[in-house]
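Visitor: sequence below, structure please.
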Amino acid sequence: MAIKLQTLLNRAKENMGSGMNPVVNEAILEVVKLAYEVGIFVQITAGYRSFLEQKELYEQGRTNKSKPIVTYARAGQSLHNYGLAVDFVIVSDDGKRTLWTEDEKWTRVAAIAKSLGFVWGGDFELFRDFPHLGMSGGLSTRDLQKGLRPNLVSKVTFPNPCHKGD
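Guide: Next up is the predicted model:
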């Protein structure tokens with residue numbers, strides 16, 4: 001039995017936290033819905049991350065050598081710190097197993113996300129970050145550190161309830 005869309009949406013909301021930019025929040029929920037429609041089950045694993053959480057994540061693999069390095073972004077250097085990024089995984093049909101094989105499902109989800117304004121970490125040149133989606137509105141993390149915030153416009157379109165079709 002396939003995992004329900006509502007379960008994936010509920011997990012996304014829970015895992016993103018409350019510090020998300022509203023446009024990013026809306027867009028990522030749309031990514032989950034559109035991927036579901038083509039049989040790809042996307043689970044959001046992280047969203048907003050405080051500076052302290054980012055510092056702890058950055059230290060992983062450095063001060064705590066028992067785990068691998070997972071980020072090169074210090075506190076304040078990640079779009080997650082500003083509610084402008086999420087991490088995701090693709091899960092099995094039942095939602096119980098993570099599917100880490102970087103295949104056409106990942107590129108399909110990336111294409112859906114890019115159509116809604118996200119930048120995909122799988123396109124990064126120095127550190128390919130397949131689970132990462134960000135939306136900075138053209139601002140750098142340096143801009144964000146200075147207090148600038150993007151003026152994001154949603155690309156999510158909703159069906160017109162007045163249109164009944166032909």
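Visitor: residue ranges in the chain under the pLDDT threshold?
Guide: 158-166 (pLDDT under 70).
Visitor: tell me where it has helices.
Guide: Using DSSP state H, the helices found in the chain span residues 5-16, 22-37, 51-59, 104-115, 141-145.
Visitor: just say which of those is most tucked in.
Guide: Burial of the helices of the chain is given as mean neighbour count (mean count of other CB atoms under 10 Å); helix 22-37 ranks first at a mean of 20. Bear in mind the C-beta positions are built from the backbone N, C-alpha and C, glycine included.
Visitor: tell me what angle that helix forms with helix 104-115.
Guide: Here helix 22-37 points in a direction 140 degrees away from that of helix 104-115 (axes from the mean of the first three to the mean of the last three CA atoms, to 10 degrees).
Visitor: quick revisit: make JSON lines out of the helices of the chain and add distance to D94.
Guide: What follows is the helices of the chain, written out as JSON lines (distance: least, CB to CB, whole Å):
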{"stretch": "helix 5-16", "distance to D94": "10"}
{"stretch": "helix 22-37", "distance to D94": "14"}
{"stretch": "helix 51-59", "distance to D94": "29"}
{"stretch": "helix 104-115", "distance to D94": "16"}
{"stretch": "helix 141-145", "distance to D94": "37"}
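Visitor: residues in contact with W106?
Guide: W106 makes contacts with I90, G122, F130, as judged by CB atoms under 8 Å, 6 or more residues apart in numbering.
Visitor: likewise S92?
Guide: F41, T98, L99.
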